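Visitor: Mind looking at a prediction? Sequence and model below.
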Amino acid sequence: MSTLIEDATRRLRTNPAAMCALLVLLCIVALTLIGPWFNPNSSETLDWSHVAARPAWAGAHWFGTDRLGRDLFARTLEGARVSLAVGLVASAVSLLVGIGYGAVAGYIGGRTDHAMMRGIEILSGLPLVFFIIFLTVIFGRSMYLLFWSIGAVGWLTMARIVRGQTLSIREREFIEAAVASGAGTARIIVKHVIPNVIGPVVVYATLTVPQIIMFESFLSFLGLGIQEPHASLGALIAEGAGEMEAAPWMLLVPGGLLAMLLLALNIFGDGLRDALDVKER
Amino acid sequence: MLRYFLTRLAGAVPTLFIIVTLAFFLIRAAPGGPFDQEQTLPPEIMANLQSAYGLDQPIWTQYRRYLGALLHGDFGPSFKYKDFSVTELIGQGFPVTLELGSVAMALALILGIPIGTFAALHHNRAADYATMSLAVVGIAIPSFVVLPFLGLLFGIYLHWLPVAGWEPGSLKHLALPVLALALPPLSVIARLVRASMLDVLRSHFIRTAFAKGLPLHTVIVRHALRPALLPVASYLPPAVASIMTGSLVVESIAGLPGIGRYMVQGALNRDYTLVMGMVIIYSTLLIAMGLLVDLLYAWLDPRVRLER
């Protein structure tokens, strides 16, 4: 397996678009982490002498302020931090659920596999966004709920991929050896199947991060995600879209950052997928 | 063919039933009710309201009554928009949403398929790289970012198109929302067509067609296009789903009087019947799309046998 990862890394290194995207990503992550250190303004302070101020390098607010005089640079970075956190945690949740479900379906096979895959088919046919809207309405709008509900939707594709990988591993000799030595099904799945599929699948999970970030900002845009006073990119864009005639920077700063983040994640993810050549089977 | 179609149609009924049941109990599990307001109503009025809408009945009775009315095509009264039935509300907004969505879908197909073919024919050359880079942009950036950006550029700076608003039959007002909605599926379709076209172009029957001396456009249109469109057919249901979700935000940004706003508002207001109506409309559309795709498959690839 180590050779697979080494091969993939080598192929990824020769892909200029993916490496560029990685650089942009690292810059954004670094900015969200260290930005607050060199920005004198906090995201919650109201500066009444600079309400809806234009961006000015020499002024107090580099990227301008919003209607309440809050520093847009600080708020955008806070939003990006939240988006990244939601993206990572929800991907991890979908990974966890997807690995469990996919490995069981793929290993047991037969009628169980058929039924479990049919379940996924039905679920992916449902208008899941509506169910998430329901969930956020029912259980209140907390960040933890966002993690779980978005992750709960993202696991469908993940389960399909894990199942595909499991199907090919199931026929290998070491599984036969484990069966022959009397290991139970649960033990084989946990000890032998999952460790062998987890490498490529974890890497593949990076492709779900941009989808989840897009989804989180979509919910925040609708007012169902992260709530004030906390900032989120979706909510900032919704606010900026209403003000774009008078104060276009309120739209351009968060919108531009979200666009850059998603673009970089997508290009990097595509590069990773090409490098690993993982397929849904 | 007809028999297969009817079996699938019958199979769609339980799916729809499960969706309706799930949605019914989920939305009623939400705290609060449709008549909660800032000022609390006197208990007698509240009780009257509850009994007028049948909300004082046990939930199973409500569920049975709702299903019964639904079978007669009655979606019930809206709880928040007084004097309107859900059928009226959806009936007013749906044509706008349908127009927006179907124009966007048509645009995605009409532009996506030729662009994908074009990229495949210029495989690994500048035109290929350029279109595919644009496709990544189209996929990565959501419509609620694209639409305000387009509005800023074409509406506020260039004054070419209105930023928001709606006039019946006006193409100008539809242009930007349609473009923003169409961009993600357009990009995915272009990518899918490019990949499958590359595969098809390598196959023997295409080589034969070229060897016969047929001109390029005949080979593409007559021979290569149909098999190359198979992945596009299976992408149609997710494309419709993505346009539906996109229209929730696009309608609100562009100020279009469609039904998108009813979903979120309805859920927040606990307007039970309105939300149920929305869920039913959207799931029916999605299920119908799935059926249509199966038929398309049989037409695109004669080897597909629908009867099993």
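Guide: Right, received. Where do you want to start? Numbering: from 1, shown residues only, chains lettered A, B, ... in the order given.

Visitor: okay, CA-based contacts and neighbour counts for the rest of this
Guide: Fine.

Visitor: all helices of chain B, in order?
Guide: Secondary structure of chain B by DSSP state H: the helices cover B:2-29, B:43-52, B:59-71, B:86-121, B:126-140, B:143-150, B:171-201, B:204-211, B:216-218, B:225-228, B:230-254, B:260-268, B:272-300.

Visitor: Mean neighbour count added to the ones you listed, as a markdown table?
Guide: Conversion of the helices of chain B to a markdown table gives the following (neighbours: other Cα atoms under 10 Å in any protein chain shown):
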| stretch | mean neighbour count |
| --- | --- |
| helix B:2-29 | 15 |
| helix B:43-52 | 12 |
| helix B:59-71 | 13 |
| helix B:86-121 | 19 |
| helix B:126-140 | 18 |
| helix B:143-150 | 24 |
| helix B:171-201 | 23 |
| helix B:204-211 | 13 |
| helix B:216-218 | 11 |
| helix B:225-228 | 19 |
| helix B:230-254 | 21 |
| helix B:260-268 | 21 |
| helix B:272-300 | 19 |
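
Visitor: can I get the ones you listed in CSV with mean pLDDT and distance to chain A?
Guide: Conversion of the helices of chain B to CSV gives the following (pLDDT from 0 to 100; distance: least, Cα to the nearest Cα, whole Å):
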stretch, mean pLDDT, distance to chain A
helix B:2-29, 81, 6
helix B:43-52, 79, 20
helix B:59-71, 86, 17
helix B:86-121, 91, 16
helix B:126-140, 89, 5
helix B:143-150, 88, 6
helix B:171-201, 89, 12
helix B:204-211, 91, 25
helix B:216-218, 89, 30
helix B:225-228, 87, 19
helix B:230-254, 85, 7
helix B:260-268, 81, 6
helix B:272-300, 83, 6
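
Visitor: Let me see the ranges of the helices in chain A.
Guide: Using DSSP H, helices in chain A cover A:2-13, A:16-38, A:72-108, A:110-125, A:128-138, A:143-170, A:173-180, A:185-188, A:194-204, A:208-221, A:233-242, A:249-276.

Visitor: and the longest one, anywhere near chain B?
Guide: In this case it means helix A:72-108. No: against chain B, helix A:72-108 shows no contacts by Cα under 8 Å from any Cα of the partner chain, the least distance being 14.3 Å.

Visitor: what's the angle between that helix and helix A:208-221?
Guide: 130 degrees (axes from the mean of the first three to the mean of the last three Cα atoms, to 10 degrees).

Visitor: Helix A:72-108 - contacts with which helices or strands?
Guide: Here helix A:72-108 touches helix A:16-38, helix A:110-125, helix A:143-170, helix A:194-204, helix A:208-221, helix A:233-242, helix A:249-276, going by 3 or more Cα pairs under 8 Å, 6 or more residues apart in numbering or on different chains; DSSP states H and E.

Visitor: got CSV for these, with mean neighbour count too?
Guide: Shown next, in CSV, are the helices and strands packed on helix A:72-108 (neighbours: other Cα under 10 Å):
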stretch, mean neighbour count
helix A:16-38, 15
helix A:110-125, 14
helix A:143-170, 22
helix A:194-204, 17
helix A:208-221, 24
helix A:233-242, 24
helix A:249-276, 23
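
Visitor: So for B:Ile18, which of the ones you listed sits nearest?
Guide: helix A:110-125 (10.3 Å; Cα to Cα).

Visitor: contact partners of the closest one?
Guide: A:Val104, A:Ala105, A:Gly106, A:Leu156, A:Arg160, B:Thr15, B:Leu286, B:Ile287 (Cα atoms under 8 Å, 6 or more residues apart in numbering or on different chains).

Visitor: same question, stretch A:186-199
Guide: Applying Cα under 8 Å, 6+ apart, the contact partners of stretch A:186-199 are A:1, A:5, A:99, A:103-104, A:107, A:162, A:165-166, A:169-170, A:175, A:178-179.

Visitor: at 10 Å what do you get?
Guide: Residues outside stretch A:186-199 that contact it (Cα atoms under 10 Å, 6 or more residues apart in numbering or on different chains) are A:1-2, A:4-5, A:95, A:99-100, A:102-104, A:106-108, A:161-170, A:174-176, A:178-179, A:182-183, A:185, A:201, A:204.

Visitor: go on, stretch B:112-129?
Guide: Taking contacts as Cα under 10 Å, 6+ apart, the residues outside stretch B:112-129 that touch it are B:106, B:109, B:130-133, B:135, B:182-183, B:185-199, B:201, B:216, B:220, B:224-225, B:228-229, B:232.

Visitor: Burial check on the single nearest residue of the stretch 101-250 of chain A relative to chain B, number of neighbours?
Guide: Closest approach between the stretch 101-250 of chain A and chain B, counting by Cα to the nearest Cα: A:Ile138, at 4.1 Å. When neighbours are counted by other Cα atoms under 10 Å in any protein chain shown, A:Ile138 registers 19.

Visitor: got a list of what it touches?
Guide: Contacts of A:Ile138 by Cα under 10 Å, 6+ apart are A:Ile132, B:Leu26, B:Ile27, B:Arg28, B:Ala29, B:Ala30, B:Pro31, B:Gly32, B:Ala267, B:Leu268, B:Arg270.

Visitor: And for A:Arg170?
Guide: By Cα under 10 Å, 6+ apart, the neighbours of A:Arg170 are A:Ala103, A:Gly106, A:Tyr107, A:Ile108, A:Gly109, A:Glu176, A:Ile188, A:Ile189, A:His192, A:Val193.

Visitor: again, only using 7 Å
Guide: A:Tyr107 (Cα atoms under 7 Å, 6 or more residues apart in numbering or on different chains).

Visitor: For A:Pro16, find the nearest of the helices of chain B.
Guide: The minimum distance between A:Pro16 and those falls on helix B:126-140, with 12.9 Å, by Cα to Cα.

Visitor: CA-only coordinates of the closest one in PDB, if you can.
Guide: The C-alpha trace of helix B:126-140 is given here as PDB (Å, rounded to 0.1, in the frame of the first residue of the first chain):
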ATOM      1  CA  ALA B 126      -5.100  24.500 -25.900                       C
ATOM      2  CA  ALA B 127      -8.900  24.500 -26.600                       C
ATOM      3  CA  ASP B 128      -9.300  21.400 -24.500                       C
ATOM      4  CA  TYR B 129      -7.400  22.800 -21.600                       C
ATOM      5  CA  ALA B 130      -9.200  26.200 -21.800                       C
ATOM      6  CA  THR B 131     -12.700  24.700 -21.800                       C
ATOM      7  CA  MET B 132     -12.000  22.200 -19.100                       C
ATOM      8  CA  SER B 133     -10.400  24.900 -16.900                       C
ATOM      9  CA  LEU B 134     -13.600  26.900 -17.300                       C
ATOM     10  CA  ALA B 135     -15.600  23.800 -16.500                       C
ATOM     11  CA  VAL B 136     -13.800  23.500 -13.100                       C
ATOM     12  CA  VAL B 137     -14.700  27.100 -12.400                       C
ATOM     13  CA  GLY B 138     -18.300  26.400 -13.300                       C
ATOM     14  CA  ILE B 139     -18.500  23.400 -11.000                       C
ATOM     15  CA  ALA B 140     -16.600  24.900  -8.100                       C
END
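
Visitor: quick one: that helix to helix B:171-201, angle?
Guide: Using the same axes, to 10 degrees: helix B:126-140 against helix B:171-201 is 120 degrees.

Visitor: Can you give me the neighbour number for the nearest residue to B:Pro77 once chain neighbours are set aside?
Guide: Leaving aside its chain neighbours, B:Pro77 sits nearest to B:Ser85 (4.0 Å; criterion: Cα to Cα, 6 or more residues apart in numbering or on different chains). By the measure other Cα under 10 Å, the count of residues near B:Ser85 is 18.
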